[in-house]
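>>> Coordinates for the following, if possible.
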Amino acid sequence: MPNSLKTRIELHINHSFHALTHRAFLYFWAGQTLSNIGTWMQTVALSWMVLSLTNSPLMLGFCSLMQFIPAVFLTIVAGALSDAFSNRIILIITNTLLTLICLTFAFLSFSGAAKLYVIFALSFLTGCVNSFDMPARQVFALETAGKNDLPNAVSLNTASFNLARLLGPAAAGIVMSAAGAGWCFIINAASFIPVIAALFAIKPLLNSAPDHKKTARAAADLTGDIRDGLGYIRRNGILLFLLSLSAAVALFANNFQVLLPVFAKQVYHFHALGFGYLMSALGAGALFGALLMPLLGKGGTHRHMPLYASLLLALVLLFTGFSKVFLLTAVGAGLTGFFLILFNTASNSMLQLNSDDVHRGRVMGVYSLIIQAFMPLGNFFAGIAANRLGAPNTFVLSGAVCLAAATVIPALFRKKKTAS
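Model (predicted):
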């Protein structure tokens with residue numbers, strides 16, 4: 001290989017992972033990567049536990065819905081708190097609480113005392129904690145990596161999440177088959193320890209985001225700050241467009257948590273290991289998309305990337321619904337993960353880059369509301385549809401609605417821009 005070409009490749013790779021040169025981001029990213037694997041193991045174990053107790057896609061969707069209710073009321077408040085207080089402290093608190101919830105799930109699994117209403121209650125508590133965790137975690141990427149490396153940091157966080165999506169479900173299938181679901185919860189609880197340790201270790205490395213109130217006014221007038229943040233989004237056409245498209249994708253295209261276990265169990269008659277294979281295929285596609293985003297450089301935050309990704313995602317959902325062969329379904333799951341990650345990563349970066357420093361936490365709070373609330377709501381509707389129509393037809397319906405939304409929303413914003 002010529003030296004000039006080798007040098008260009010090395011420079012491009014170094015640029016693609018430049019956010020890791022910030023030690024604060026590196027520590028948090030490493031801890032979060034380990035934690036994400038445990039979280040995906042718990043996601044698979046919990047879905048399988050509910051389906052084993054009830055054999056009902058509707059109840060599986062209802063379990064996801066339990067995370068919707070707290071997100072509706074708490075996420076926008078959490079975004080305002082992210083603008084007002086230290087995100088590092090918020091994350092220490094939320095990760096500690098999530099550890100305790102995991103241990104409770106483990107106790108229920110080992111004792112054989114798992115009841116559906118208890119699982120729903122713990123899912124509700126998880127939704128409450130995640131409502132405060134998500135906005136703080138997303139803004140913390142900017143605080144640890146800096147604005148110039150934010151798109152790269154978001155891409156690397158996404159790669160970490162989807163590496164876990166690849167490894168976690170496969171590991172969960174093996175662990176559940178060999179030792180039971182309880183050990184998945186134990187492993188997840190242990191995986192939060194590196195995150196909490198990193199959050200304590202990086203305090204001296206942070207140049208901003210002190211561990212006290214950032215502004216006295218933000219704490220004194222939380223309601224006013226929320227109104228101000230919503231008004232800021234309403235006046236910013238780019239933010240409003242991205243959030244509207246994100247809502248459509250979260251509601252209609254992010255229902256694999258409900259539909260894939262139904263596909264595995266009721267269409268292909270597989271057990272936990274087969275479900276793990278489908279989730280791993282989804283994770284493999286998502287991981288490839290997440291690794292591709294840093295390599296795209298500035299192109300990864302192209303203003304049309306979310307729109308293109310949402311259109312292709314809708315077509316893949318239609319393809320998956322019409323598939324009757326397990327291998328093709330796995331391919332469809334992989335492509336779903338790929339285009340979903342392209343959409344989410346580009347949207348997340350563009351939202352933060354198009355927000356000012358004063359309102360960024362509240363913008364990401366609304367975005368977190370969409371992700372945390374609309375996705376479980378979409379899972380609930382998918383559960384109802386799968387209960388009546390079956391998983392394949394629900395995929396087709398989801399793809400058709402998502403395609404319509406990805407066509408109509410841009411047209412509405414173009415019309416509004418022309419009228420103004």
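
>>> avg pLDDT for the lengthiest helix in the chain?
Counting by DSSP state H, the longest helix found in the chain is helix 23-54. In this model, helix 23-54 has an average pLDDT of 87.

>>> got any ranges where the stretch 151-300 of the chain has weak pLDDT?
Low-confidence segments of the stretch 151-300 of the chain (pLDDT under 70): 162, 165, 205-221, 257, 269-273, 294-300.

>>> can you rerun that using 80?
Within the stretch 151-300 of the chain, the stretches with pLDDT under 80 are 151-152, 154-155, 158-159, 161-166, 203-225, 255-277, 279-280, 283, 286-287, 290-300.

>>> which stretches of the stretch 301-420 of the chain form helices?
305-322, 326-353, 360-369, 375-389, 391-419 (DSSP state H, counting those that start in this stretch).

>>> Can you tell me which of those helices is packed in deepest?
helix 360-369 (a mean of 27; mean count of other Cβ atoms under 10 Å). Using the backbone N, CA and C atoms, a C-beta is placed for each residue, glycine as well.

>>> Output the contacting helices and strands for the longest helix of the chain.
helix 57-65, helix 87-111, helix 116-145, helix 150-178, helix 182-201, helix 256-262, helix 272-295 (3 or more Cβ pairs under 8 Å, 6 or more residues apart in numbering; DSSP states H and E).

>>> now with 7 Å?
For helix 23-54, the elements it packs on are helix 57-65, helix 116-145, helix 150-178, helix 182-201, helix 256-262, helix 272-295, judged by 3 or more Cβ pairs under 7 Å, 6 or more residues apart in numbering; DSSP states H and E.

>>> Buried residues of the longest one, list them for me.
Of the residues in helix 116-145, those with enough neighbours to count as buried (16 or more other Cβ atoms under 10 Å) are 119-120, 122-145.

>>> ok, so what distance separates the closest residue to residue 316 other than its chain neighbours from residue 267?
Leaving aside its sequence neighbours, residue 316 sits nearest to residue 335 (Cβ to Cβ, 6 or more residues apart in numbering; 4.4 Å). With distances taken as Cβ to Cβ, to the nearest Å, residue 335 is found 18 Å from residue 267.

>>> now residue 120
26 Å.

>>> do the same with residue 384
According to Cβ to Cβ, residue 384 and residue 267 sit 18 Å apart.

>>> Look up how far residue 20 lies from the closest residue in space to residue 290 that isn't next to it in sequence.
Distances taken as Cβ to Cβ, 6+ apart place residue 159 nearest to residue 290, at 3.7 Å, with adjacent residues excluded. According to Cβ to Cβ, residue 159 stands 11 Å off from residue 20.

>>> who has more neighbours, those two?
residue 159 (24 against 17; other Cβ atoms under 10 Å).

>>> show me the contacts for that one.
287, 290, 291 (Cβ atoms under 7 Å, 6 or more residues apart in numbering).

>>> Identify the residues contacting the closest residue to residue 92 other than its chain neighbours.
Leaving aside its sequence neighbours, residue 92 sits nearest to residue 199 (Cβ to Cβ, 6+ apart; 5.0 Å). Taking Cβ under 7 Å, 6+ apart, we find residue 199 in contact with 28, 88, 91, 92.

>>> Format those residues as JSON lines; extra columns: neighbour count and distance to residue 241.
Below are the contacts of residue 199 laid out as JSON lines (neighbours: other Cβ atoms under 10 Å; distance: Cβ to Cβ, whole Å):
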{"residue": "28", "neighbour count": "28", "distance to residue 241": "30"}
{"residue": "88", "neighbour count": "22", "distance to residue 241": "32"}
{"residue": "91", "neighbour count": "21", "distance to residue 241": "29"}
{"residue": "92", "neighbour count": "18", "distance to residue 241": "35"}
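
>>> from the helices and strands packed on helix 23-54, which stretch is densest packed?
helix 256-262 (a mean of 26).

>>> Convert it to PDB, retaining C-alpha atoms only.
Presented in PDB, the C-alpha positions along helix 256-262 are these (Å, rounded to 0.1, in the frame of the first residue of the first chain):
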ATOM      1  CA  PHE A 256     -39.100  -5.200  17.200                       C
ATOM      2  CA  GLN A 257     -39.100  -5.800  20.900                       C
ATOM      3  CA  VAL A 258     -42.700  -7.100  20.600                       C
ATOM      4  CA  LEU A 259     -42.800  -8.500  17.100                       C
ATOM      5  CA  LEU A 260     -39.500 -10.500  17.000                       C
ATOM      6  CA  PRO A 261     -40.300 -12.700  20.000                       C
ATOM      7  CA  VAL A 262     -43.700 -13.400  18.500                       C
END
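
>>> And residue 149, how close does it get to residue 349?
Remark: distance between residue 149 and residue 349 (Cβ to Cβ) = 11 Å.

>>> Same check on residue 70?
From residue 70 over to residue 349 (counting by Cβ to Cβ), the distance is 27 Å.

>>> same check, this time on residue 131
Going from residue 131 to residue 349 by Cβ to Cβ gives 22 Å.

>>> doesn't residue 352 make contact with residue 360?
Yes: assessed by Cβ atoms under 7 Å, residue 360 is found in contact with residue 352 at 6.1 Å.

>>> Find the residues that touch each one of the two.
With Cβ under 7 Å, 6+ apart as the test, residue 360 and residue 352 reach no residue in common.

>>> Any buried residues in the helix or strand hosting residue 228, and which?
For residue 228, the host element (DSSP states H and E) is helix 222-235. Buried residues in helix 222-235, defined by neighbour count with 16+ other Cβ under 10 Å: 225, 226, 228, 229, 230, 232, 233.

>>> Next, residue 66: phi, psi?
Phi and psi for residue 66, reported as degrees, to the nearest 10, are phi -60, psi -20.

>>> so how many other residues sit close to it?
19.

>>> quick one: contacts for it?
For residue 66, the contact set (Cβ under 7 Å, 6+ apart) comprises 120, 123, 124, 127.

>>> Dump those residues to CSV, plus pLDDT.
Formatted as CSV, these follow (pLDDT from 0 to 100):
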residue, pLDDT
120, 91
123, 90
124, 92
127, 87
